[in-house]
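# Generate coordinates for the sequence data below:
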Amino acid sequence: GSYDGNVYTWSPEGQLLGSFHHHRAPISALKWNPRGDKILTGSIDKTVILWNTTTGSVEKKFDSHQGAITDLDWKDDTTFATCSIDRTIAIWSITNSSSAKLEGHAADINMIRWAPQSSMLASCSDDSLIKLW
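Residues are numbered from 1 along each chain as shown. You can find the predicted model right below:
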């Protein structure tokens, strides 16, 4: 991802292979799914985009946060979480556009990670707390 809101793919030799365009602000988070055929991007524009890496097309747009996306993480190939400066975490499925919200931090949430082979999610925030959900 980049500051111009686009995602660029490069060959190992440094040749531009393609670019994906949809975000309207800098990209703040980017992750491959475990299978390696999709990319999620989160942006300061408050949206998350699911990309088809073969075609470069948008498969789905997710937008429930009220502030910039700060991080995202895949749980498996269909479920992921996002966090934001709006102090919330959203849990998503790529099969629908609704999310479950987790609230409890008193400041911007900076990072989230799913525990391997688990349903536990860790988050850290500017409130100086690490929370396990």
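# For Trp74, which non-adjacent residue is closest in space?
Phe80 (4.8 Å; Cβ to Cβ, 6 or more residues apart in numbering). No exception for glycine: its C-beta is placed from N, CA and C like everyone else's.
# Next, count neighbours for that neighbour.
26 (other Cβ atoms under 10 Å).
# What residues of the host helix or strand of it count as buried?
Taking DSSP states H and E as the criterion, Phe80 maps to strand 79-84. Using 16 or more other Cβ atoms under 10 Å as the test for burial, strand 79-84 gives Phe80, Ala81, Thr82, Cys83, Ser84.
# for stretch 13-31, same thing?
Phe20, His22, His23, Ile27, Ser28, Ala29, Leu30.
# Can you name the residues that contact Lys61?
The contact partners of Lys61, taken as Cβ atoms under 8 Å, 6 or more residues apart in numbering, are His22, Thr47, Val48, Ile49, Leu50.
# who does it bridge with?
Ile49 (DSSP bridges).
# per-residue pLDDT, it?
As predicted, Lys61 sits at a pLDDT of 93.
# separation between it and Leu121?
Taking Cβ to Cβ, to the nearest Å as the criterion, Lys61 is separated from Leu121 by 22 Å.
# again, but for Pro12
On the measure of Cβ to Cβ, Pro12 and Leu121 end up 33 Å apart.
# Helix, strand or coil: sort out the residue most central in space within the chain for me.
Nearest to the geometric centre of the chain sits Leu72, at 3.4 Å (Cα atoms, centre = their mean). Secondary structure assignment for Leu72 (DSSP: H, G, I helix; E, B strand; the rest coil): strand.
# hang on, isn't Ala115 packed against Leu121?
Yes. Using Cβ atoms under 8 Å, Ala115 is in contact with Leu121, at 7.4 Å.
# Tell me which of these two has more neighbours.
Taking neighbours as other Cβ under 10 Å, Ala115 and Leu121 compare with Leu121 leading, 19 against 11.
# Assess the claim that the more buried one and Ile109 are in contact.
No. Using Cβ under 8 Å, Leu121 makes no contact with Ile109, being 11.0 Å away.
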